[in-house]
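Enquirer: Got a sequence here, can you build the structure:
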Amino acid sequence: MEPRDLERSPSRRAKTELERARDIRFEPVAAVVAGAFLGWGAIFLKATLTEAIGGDPGYILMVAAVIAAAWVGGLVAGMTAVIVTFVLDALIFFDLQGGMTEVDRVEIWRQILYGVIAVGLVVLVRSRRVSRDRLAEALDEAATLSEAVEARDARLELMLSASETGFWEWDMETGELSWSEAIFRQHGMDPTGRPPAFDDYLERIHPDDRQRFRDGIEAAVDGTIPFSLEFRNVWPDGSVHWTHGAARVFRDAEGTAVRMLGTGQDITERRRVEEQRDQLLADERAAAEFREAFIDVISHELRTPITTILGISQILTRPNRVEDPAARAALLQDVRSETERLHRLVEDLLVLSRVERGRLDIEAEPLELRRVLERIVASETVELPTIDLQLVMPPDLPIVAGEASYVEQIVRNLLGNAAKYTPPGTVVRVEARTIGEEVAITVLDEGPGIPEGSIDRLFELFYRDPTSARTVAGSGIGLFVCASLAAAMGGRIWARRRPTGGSEFGFTMRSLRSDEDQVRTSTTGQLSGMH
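Expert: Numbering: from 1, shown residues only. The predicted structure follows:
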């Protein structure tokens, strides 16, 4: 608290009043001495004034002495002062040796009246003292309670400040909101300003959380469940922050909700840490699944060609086992085919490992796509004798941006799939055409077509269509690798059934013709500007 706040605190005011209420207090003996001294002093001053003015000043000084004695010394001191003044006044100022006259009788009655009044004054003052004593005790208790409350509030304020928690109140009848400084800060607003109305505040809540916030408020007002909600609010600068709100509803005598009092805590950092943790856990689970599937692929897909190559090599290296040149050539062709299959699988696995580590970055270079496709089709015509390969592309095919080895890997994978999933002799056509600022390369076959249930999942890692997985060997990584390579070169990939039957697989590459046209236009403009 600030010093000014301490001066205005209830405990400080109570202690000030308590100090004012406390009087001088005497023990009984001291009270008797004080009363006797004040009574004697009053008689002494009366005698002095009588000599000085030549007359009787009356009972004024004596009454004053009694009141003073009762005020400072209580009932004992007051009664002592009454007795002392009564006796000394009678002894000093009364002379009854010559007989009692009418004047003396009046003085006696005045003396008696003084005694009665003095005793009454002592009783009144004593009552006043008792009331003040009770007030002092009440103030003392109030000061103690106030100090305890202030200490508790100070601890609460410290705890709330450390946790970035603030208070808010909503008057449901007027719609007015009251915010602490922390609540203003949690909404990116100036604490010296005024909080918005409730309806305006709803507009500051993130649109995706707004209805959930309304539902939580309504449930709390209806008494269904307490209000406790984590939601996002949008700051004036457009940034999004998380808040945890908790509140209690207060009702009037009829049970109608009239106001809501609650707290708000900024949990943006906590939510960020939780999201990072969840992402790390998800990444770890995905990595574990990837490693398990990767091991399965290696153990199965790599073992098959290696076993074949090893078996044929053993046959060929044994003397006099294969003397027929045609048989030997067939075995060598099998070795070559399995080696090629093993080579492509290793290439796919290398790309897959780079994708898993997030390091598949391709520096695209100008690529003459016509020559690349002609070389791929010529090579695959020999490697895939079961299909009838055809290449269709316009003579003015533009230069594209990409990596030749990755384009070759995509096309070979797509052609290999066409050979595996179509009957022998199927016509498979490779087409290239310009579409806007892109060049699309498609592989079209006349086979049975892609099953409808697998179209949306073909490019998922390790996915294989259930209907063909039992009859056709495969690893389930080739199409995933194709999609990753196409995306890394800035293109897109797709698969769909052809209306006339068969399947269509395609991907796009960025054409450099538009870049050349821009350079040519810019150069022409510069030259024309020089003339």
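Enquirer: So which residues make contact with the strand ranked longest in the chain?
Expert: Scanning the chain for the longest strand, with DSSP state E as the assignment, gives strand 240-251. By CB atoms under 8 Å, 6 or more residues apart in numbering, the residues outside strand 240-251 that reach it are 168, 170, 186-188, 206, 220-221, 223, 226-235, 257-268, 270-271. Just so you know, the C-beta spots here come from the backbone N, C-alpha and C atoms, and that holds for glycine as well.
Enquirer: Paired strands for it, with orientation please.
Expert: Note on strand 240-251: by DSSP bridges, its sheet partners are strand 227-234 (antiparallel), strand 257-266 (antiparallel).
Enquirer: in the first one, what counts as buried?
Expert: By that I understand strand 227-234. Of all the residues in strand 227-234, those buried under the rule 16 or more other CB atoms under 10 Å are 227, 229, 231-234.
Enquirer: one step back: turn the strands paired with strand 240-251 into TSV, columns for distance to residue 77 and mean pLDDT.
Expert: Below are those laid out as TSV (distance: least, CB to CB, whole Å; pLDDT from 0 to 100):
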stretch	distance to residue 77	mean pLDDT
strand 227-234	64	92
strand 257-266	54	90
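Enquirer: Minimum distance to residue 61: which of these has it?
Expert: For residue 61, the closest of the strands paired with strand 240-251 is strand 257-266, at 62.9 Å, according to CB to CB.
Enquirer: what sits up against that closest one?
Expert: For strand 257-266, the external contacting residues (CB under 8 Å, 6+ apart) are 160, 163-173, 182-183, 185-186, 217, 220-221, 227, 241-252.
Enquirer: Just the buried ones among the residues you listed, please.
Expert: Applying 16+ other CB under 10 Å to these, the neighbour count classes 160, 165-170, 172, 182-183, 186, 217, 220, 227, 241-245, 247, 249 as buried.
Enquirer: what are the phi and psi values for the nearest residue to residue 182 once chain neighbours are set aside?
Expert: Leaving out its chain neighbours, the residue that sits closest to residue 182 by CB to CB, 6 or more residues apart in numbering is residue 166, at 2.8 Å. Here is the backbone geometry of residue 166 (degrees, to the nearest 10): phi -130, psi 170.
Enquirer: Return the residues in contact with residue 166.
Expert: Residues near residue 166 by CB under 8 Å, 6+ apart: 160, 179-186, 263-265.
Enquirer: now the residues you listed in a markdown table, with distance to residue 73 and secondary structure?
Expert: Formatted as a markdown table, the contacts of residue 166 follow (distance: CB to CB, whole Å; DSSP: H, G, I helix; E, B strand; the rest coil):
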| residue | distance to residue 73 | secondary structure |
| --- | --- | --- |
| 160 | 52 | helix |
| 179 | 57 | strand |
| 180 | 52 | coil |
| 181 | 54 | helix |
| 182 | 56 | helix |
| 183 | 58 | helix |
| 184 | 59 | helix |
| 185 | 60 | helix |
| 186 | 62 | helix |
| 263 | 55 | strand |
| 264 | 59 | strand |
| 265 | 60 | strand |
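Enquirer: Just the terminal-to-terminal distance for stretch 398-405.
Expert: 18 Å (CA to CA, to the nearest Å).
Enquirer: same question, stretch 456-468
Expert: One end of stretch 456-468 to the other measures 16 Å (CA to CA).
Enquirer: So for it, what gets flagged as buried?
Expert: Buried-residue list, stretch 456-468, by 16+ other CB under 10 Å: 458-459, 461-462, 464-465.
Enquirer: which one of these sits closest to residue 498?
Expert: Out of these, the member with the shortest distance to residue 498 (by CB to CB) is residue 458, at 14.8 Å.
Enquirer: Distance-wise, check that closest one relative to residue 172.
Expert: From residue 458 across to residue 172, the span is 57 Å (CB to CB, to the nearest Å).
Enquirer: before we move on, what about residue 44?
Expert: Residue 44 is 74 Å from residue 172, by CB to CB.
Enquirer: same thing with residue 365?
Expert: 68 Å.
Enquirer: Show me how far the strand or helix carrying residue 213 is from its chain's centre.
Expert: Per DSSP states H and E: residue 213 is located in helix 207-222. In terms of CA atoms, centre = their mean, to the nearest Å, the centre of helix 207-222 is found 18 Å from the chain centre.
Enquirer: packing partners for that helix?
Expert: Here helix 207-222 touches helix 198-202, strand 227-234, strand 240-251, strand 257-266, going by 3 or more CB pairs under 8 Å, 6 or more residues apart in numbering; DSSP states H and E.
Enquirer: how about a cut-off of 7 Å?
Expert: Helices and strands touching helix 207-222, by 3 or more CB pairs under 7 Å, 6 or more residues apart in numbering; DSSP states H and E, are strand 227-234, strand 240-251.
Enquirer: so can I have JSON lines of these showing distance to residue 478?
Expert: Below are these laid out as JSON lines (distance: least, CB to CB, whole Å):
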{"stretch": "strand 227-234", "distance to residue 478": "42"}
{"stretch": "strand 240-251", "distance to residue 478": "41"}
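Enquirer: Out of the ones you listed, the one nearest residue 83 is which?
Expert: strand 240-251 (62.6 Å).
Enquirer: and the angle from the closest one to helix 207-222?
Expert: Per axes from the mean of the first three to the mean of the last three CA atoms, to 10 degrees, the angle that strand 240-251 makes with helix 207-222 is 10 degrees.
Enquirer: Mean confidence (pLDDT) on strand 240-251, please.
Expert: What strand 240-251 shows for mean pLDDT is 92.
Enquirer: again, but for stretch 365-378
Expert: 92.
Enquirer: cool, stretch 388-404 as well?
Expert: 92.
Enquirer: okay, how far is it across that stretch, tip to tip?
Expert: This stretch, stretch 388-404, spans 24 Å end to end (CA to CA).
Enquirer: Could you give me the buried positions within the host helix or strand of residue 303?
Expert: According to DSSP H and E, residue 303 maps onto helix 303-317. Within helix 303-317, the residues scored as buried using 16+ other CB under 10 Å are 305, 308-309, 312.
Enquirer: Throw those residues into JSON lines and include distance to residue 83 and pLDDT, thanks.
Expert: Formatted as JSON lines, the buried residues of helix 303-317 follow (distance: CB to CB, whole Å; pLDDT from 0 to 100):
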{"residue": "305", "distance to residue 83": "130", "pLDDT": "74"}
{"residue": "308", "distance to residue 83": "134", "pLDDT": "78"}
{"residue": "309", "distance to residue 83": "134", "pLDDT": "80"}
{"residue": "312", "distance to residue 83": "140", "pLDDT": "77"}
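Enquirer: of those, closest to residue 350?
Expert: Of the buried residues of helix 303-317, the one sitting nearest to residue 350 (CB to CB) turns out to be residue 305, at 16.1 Å.
Enquirer: so residue 26, which of the three states?
Expert: Secondary structure assignment for residue 26 (DSSP: H, G, I helix; E, B strand; the rest coil): coil.
Enquirer: what about it, how many neighbours?
Expert: If you count neighbours by other CB atoms under 10 Å, residue 26 ends up with 18.
Enquirer: Report the rounded mean pLDDT for stretch 169-179.
Expert: Stretch 169-179 carries an average pLDDT of 89.
Enquirer: now that stretch: how far from the chain's centre is it?
Expert: 24 Å.
Enquirer: repeat for stretch 224-240
Expert: Put simply, stretch 224-240 sits 9 Å off its chain's centre (CA atoms, centre = their mean).
Enquirer: same thing with stretch 429-441?
Expert: 48 Å.
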